[in-house]
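Colleague: Need a 3D model of the following:
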Amino acid sequence: MTRITDKIKKSDSAVAILSLMNSNLLVSFVGAAASIIQAKFVTAEQLGYFRQFGIITNYLFFLHLGTYQAVERLYPLYIGKGENEKARRLVGVAEAWIFFVSIPTSLIFLALGIFSLLRGNWMATLGWIAQAVAMFTTVYGGFIKATYRSGQDFKKMARAQYLTPIHTVLVIPIYFISPYVGLFLKNINTLAMTIVMYLKRPIKSKKKFNITDFKVIISNGLPRFSSSYAITTGIEAIRSTMVLRFLGQTALGYWSFTWTIYGLVRQIPQSVSAVYAPRVTQEYGRTGDYKQCLKLCKKPILVCMGLVACLIPVGIFGSMVLVPLILPNYTNAAGILAATIVCILPTCILDLPWQIINSMNRPGTLNLFAFTDMLLQCAGMILALKTNCAIYSVVIGSVAGSIWRMICIGVFFQRLHRKERKNNG
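Modeller: Down below sits the predicted model:
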């Protein structure tokens with residue numbers, strides 16, 4: 001045991017993963033506790049009403065046009081080539097675009113909030129203000145996170161993330177006074193973290209827009225972003241839209257509760273992927289060998305699957321037994337929550353191989369896989385809704401998409417292997 005501990009201490013990647021995972025797990029634990037308290041006071045109808053404002057923000061997230069992905073790929077790439085000045089300049093151009101996209105949009109949301117207040121609808125006011133904050137913490141904050149690339153950077157990120165559970169705990173008493181206000185305050189709990197990460201960002205380049213560099217950023221980032229957007233924020237916007245349209249605000253509240261818990265448990269594979277993704281890119285840049293990247297990813301994938309597999313029975317028990325007892329307002333969400341938690345396991349297998357294909361500069365392949373995944377999910381949801389599967393339609397579509405994408409990734413690497421054997425034989 002001591003030898004294992006010593007190895008972990010000597011490994012920057014292991015320490016970074018543990019630091020990030022510890023902070024993520026604390027965020028998850030506190031977030032889960034706060035979500036339980038929230039669900040005791042906030043009804044599904046209130047939650048659905050509040051969440052409908054966030055649907056438009058998910059669609060607007062597309063406006064960043066892949067600047068995160070460009071920074072994540074180009075910055076370590078040019079640093080590795082010794083072109084430090086160019087790497088920093090590209091980050092400054094990307095940040096200028098993010099500033100232009102997020103700040104004016106946030107101001108528009110604030111204006112809508114003021115307009116709602118003048119009309120006497122304070123609930124809508126808080127809904128719009130939450131989206132103004134979200135445009136900063138999600139769009140601008142997401143860009144800032146993309147600049148944290150080294151092991152030391154991940155440790156700084158982990159420390160900043162501790163502000164989120166502190167905020168969440170401080171908000172808890174508000175639920176006893178006004179549940180909807182507590183819901184609003186909880187949904188802006190990443191604001192302090194985003195501000196700190198901005199102030200301590202590792203790359204402080206001037207926000208200077210340059211059309212030539214911007215074309216380089218878009219050409220590198222947009223094809224990669226469009227594929228990731230399709231299978232994450234984009235499909236979630238579509239899911240929420242369909243649930244709201246066909247099943248109503250209360251059903252959207254049930255799904256939002258489910259998605260919140262899913263996101264908390266999802267922190268495990270996300271932490272592993274966040275730390276290993278830059279290493280995969282650097283490994284492919286150094287060797288140009290996809291097999292070495294697959295070998296690098298094998299251990300973290302197995303560890304991640306083991307951790308998630310242990311959590312699934314606990315999640316199912318909590319969903320089916322504890323939710324009806326503790327959270328009667330969300331008894332109807334127990335089944336969908338249990339089914340959704342099981343769907344976390346495939347993400348452990350998908351994340352890092354997906355990053356390898358990204359590192360191989362195959363955006364066309366990723367977009368083909370992602371958009372067929374999204375279309376299959378939409379078709380699955382529509383078909384399930386037509387056959388009265390209600391909110392379970394979301395899980396049916398999601399499972400269909402995940403299975404399809406796993407098959408696509410497996411076939412992709414198998415074809416590469418056959419082609420290599422043919423060329424060598």
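Colleague: pLDDT value on Trp128, please?
Modeller: Looking at Trp128, its pLDDT is 96.
Colleague: what's downstream of the strand or helix carrying it, the next helix or strand?
Modeller: Per DSSP states H and E, Trp128 falls inside helix 122-134. Following helix 122-134 in sequence order, the next helix or strand is helix 141-146 (DSSP H and E).
Colleague: who does that next one touch, helix- and strand-wise?
Modeller: With contacts defined as 3 or more C-beta pairs under 8 Å, 6 or more residues apart in numbering; DSSP states H and E, the packing partners of helix 141-146 are helix 67-80, helix 84-118, helix 191-199. For the C-beta atoms, the positions are set from N, CA and C on the backbone; glycine is no exception.
Colleague: For the nearest residue to Leu337 once chain neighbours are set aside, give me its contacts.
Modeller: Spatial nearest neighbour of Leu337, excluding adjacent residues (C-beta to C-beta, 6 or more residues apart in numbering): Ser319 at 4.2 Å. If you count contacts by C-beta atoms under 8 Å, 6 or more residues apart in numbering, Ser319 has them with 334-335, 337-338, 341.
Colleague: Just put the helices and strands packed on helix 141-146 in CSV and tack on distance to Thr137, mean pLDDT and mean neighbour count.
Modeller: Formatted as CSV, the helices and strands packed on helix 141-146 follow (distance: least, C-beta to C-beta, whole Å; pLDDT from 0 to 100; neighbours: other C-beta atoms under 10 Å):
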stretch, distance to Thr137, mean pLDDT, mean neighbour count
helix 67-80, 14, 79, 22
helix 84-118, 9, 90, 18
helix 191-199, 5, 84, 18
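Colleague: So which of those helices is nearest Ser219?
Modeller: Closest approach to Ser219 among these (C-beta to C-beta): helix 67-80, 8.5 Å.
Colleague: Residues touching that closest one, excluding its own?
Modeller: Contacts of helix 67-80 (C-beta under 8 Å, 6+ apart): 84, 86-87, 90-91, 94, 97-98, 142-143, 145-147, 149, 203, 216-218, 220-221, 224-225, 228, 277-278, 281-282, 285-286, 358-359.
Colleague: picking that back up, and the contacts of Ser319, which is closest to Ile268?
Modeller: Ile341 (11.9 Å).
Colleague: Which helix or strand contains the closest one?
Modeller: Using DSSP H and E, Ile341 sits within helix 334-342.
Colleague: Quick check: which helices or strands does that helix pack against?
Modeller: Counting contacts by 3+ C-beta pairs under 8 Å, 6+ apart, helix 334-342 is packed against helix 249-265, helix 290-317, helix 323-326, helix 392-424.
Colleague: so of those, which one's packed in deepest?
Modeller: helix 249-265 (a mean of 21; mean count of other C-beta atoms under 10 Å).
Colleague: Distance from the chain centre to whichever helix or strand comes after that one, please.
Modeller: Downstream of helix 249-265, the next assigned helix or strand under DSSP H and E is helix 267-287. On the basis of C-alpha atoms, centre = their mean, to the nearest Å, helix 267-287 sits 15 Å off its chain's mean C-alpha point.
Colleague: Check stretch 382-397 too.
Modeller: 24 Å.
Colleague: Spell out for me which residue occupies the centre of this structure.
Modeller: For the chain, the residue sitting closest to the mean C-alpha position, by C-alpha atoms, centre = their mean, is Thr232 at 7.0 Å.
Colleague: Please tell me how far it sits from Gly142.
Modeller: Separation of Thr232 from Gly142 (C-beta to C-beta, to the nearest Å): 11 Å.
Colleague: Kindly report the same for Tyr162.
Modeller: 19 Å.
Colleague: Tell me how far Ala192 lies from Lys299.
Modeller: From Ala192 to Lys299 the distance is 35 Å (C-beta to C-beta).
Colleague: oh sorry, the question was meant for Ala230
Modeller: Relative to Lys299, Ala230 is positioned 29 Å away (C-beta to C-beta).
Colleague: Over to Ser205?
Modeller: Distance, Ser205 to Lys299, using C-beta to C-beta: 35 Å.
Colleague: Backbone torsions only: list them for Asn189.
Modeller: In terms of degrees, to the nearest 10, the main-chain angles of Asn189 are phi -70, psi -10.
Colleague: go on, Lys81?
Modeller: phi -80, psi -10.
Colleague: repeat for Arg266
Modeller: phi -70, psi -10.
Colleague: right, and it touches Pro346 too?
Modeller: No - counting by C-beta atoms under 8 Å, Arg266 stays clear of Pro346, with 11.5 Å between them.
Colleague: can I get the CA coordinates of stretch 384-393 in CSV?
Modeller: Taking Å, rounded to 0.1, in the frame of the first residue of the first chain, the C-alpha atoms of stretch 384-393 are listed here in CSV:
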residue,chain,number,x,y,z
ALA,A,384,-40.8,6.6,-27.8
LEU,A,385,-43.0,9.7,-27.2
LYS,A,386,-45.4,8.5,-29.9
THR,A,387,-45.6,5.1,-28.2
ASN,A,388,-46.4,6.7,-24.8
CYS,A,389,-43.1,6.1,-23.1
ALA,A,390,-43.4,9.6,-21.6
ILE,A,391,-40.2,10.9,-19.9
TYR,A,392,-38.4,7.5,-20.4
SER,A,393,-38.2,8.5,-24.1
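Colleague: so what's Tyr262 up against?
Modeller: 337, 340-341, 343-344.
Colleague: same thing but 6 Å
Modeller: Applying C-beta atoms under 6 Å, 6 or more residues apart in numbering to Tyr262 gives the contacts Thr340.
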